[in-house]
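Asker: the following block contains a protein sequence and its predicted model.
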Amino acid sequence: MACVRSIGSLTSLTHSPRDVTRSGIVVSSCSVLPIKGSSFTGSPVSLPRGQPSSRTALRPWKPVPITMMVKPALQFIQGTDEMTIPDVKLTRSRDGSNGMALFSFDQPSVFDSSGEVGEITGLYMIDEEGVIQSTDVNARFVNGKPEGIVAKHIMRTPKEWDRFMRFMERYSDQNGLQFVKK
């Protein structure tokens, strides 16, 4: 038996050789841990291991990792994708040790549904690697009506910068954004 663990739309196959007896039976169980700040807790699924064909019976079984792609998305309310494509401005220190991304949304779709779905709790950048979260989110009002949202994401290490850039590459490919250097 192999253990499939699902977190949101991200699925991975886990199968360790030390968990398999000589008869090919997995002796461990699978557990799903919720991601901090996520309302999705997931549930374990067990799949029976198929019988090898005569052609593959000569070779030992090797586990193959499976990764399902998650559509990159921006969310202000967890579980509700933002449909408006933002203008994103990036700055980075000369030594590359830190940086900042400024997202500007004009007339975001979250204003249409925020009363019905929930409150804006931050900016969530979601892709197959996980969630990047920023709580520095401000609304712009004109004549008492919401006009836009400005969100700031600060990256304090080169590792955080690289992770953010991987997300932005996926998000821009999905939404037709292009990088323009000043």
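Answerer: Sure thing, it's come through. Numbers count the residues shown, from 1 in each chain.

Asker: contacts for the helix or strand where Ser113 lies?
Answerer: Per DSSP states H and E: Ser113 is located in helix 110-117. Outside helix 110-117, the residues that touch it by C-beta atoms under 8 Å, 6 or more residues apart in numbering are 76-77, 79-80, 82, 120, 146, 149. Every C-beta, even on glycine, is put in place using the N, C-alpha and C of the backbone.

Asker: now the element after it, going C-ward?
Answerer: Following helix 110-117 in sequence order, the next helix or strand is strand 123-127 (DSSP H and E).

Asker: what strands flank that following strand, and is each parallel or antiparallel?
Answerer: Partners of strand 123-127 in the sheet, by DSSP bridges, are strand 73-77 (antiparallel), strand 130-134 (antiparallel).

Asker: please put the alpha-carbon coordinates of that strand into PDB.
Answerer: Extracted in PDB, the C-alpha atoms of strand 123-127 (Å, rounded to 0.1, in the frame of the first residue of the first chain):
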ATOM      1  CA  LEU A 123      -2.300  38.800   0.800                       C
ATOM      2  CA  TYR A 124      -1.800  35.100   0.200                       C
ATOM      3  CA  MET A 125       0.400  34.100  -2.700                       C
ATOM      4  CA  ILE A 126      -0.300  30.400  -3.400                       C
ATOM      5  CA  ASP A 127       1.500  28.000  -5.700                       C
END
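
Asker: state the mean pLDDT of it.
Answerer: For strand 123-127, mean pLDDT rounds to 96.

Asker: buried residues, that strand. List them.
Answerer: Of the residues in strand 123-127, 123-127 count as buried by neighbour count, 16 or more other C-beta atoms under 10 Å.

Asker: got it, and stretch 108-121?
Answerer: Neighbour-count burial for stretch 108-121, counted by 16+ other C-beta under 10 Å, picks out 108, 110-111, 114, 120.

Asker: follow-up on the earlier one: how about the strands paired with strand 123-127, which one is nearest Phe179?
Answerer: Of all these, strand 73-77 sits nearest to Phe179, with 17.0 Å by C-beta to C-beta.

Asker: now the element after the closest one, going C-ward?
Answerer: Heading C-terminal from strand 73-77 (DSSP H and E), you reach strand 80-81.

Asker: now the element after that next one, going C-ward?
Answerer: Using DSSP H and E, the next helix or strand after strand 80-81 towards the C-terminus is strand 87-92.

Asker: now the angle from that following strand to strand 73-77?
Answerer: Inter-element angle recorded for strand 87-92 and strand 73-77: 100 degrees (by axes from the mean of the first three to the mean of the last three C-alpha atoms, to 10 degrees).
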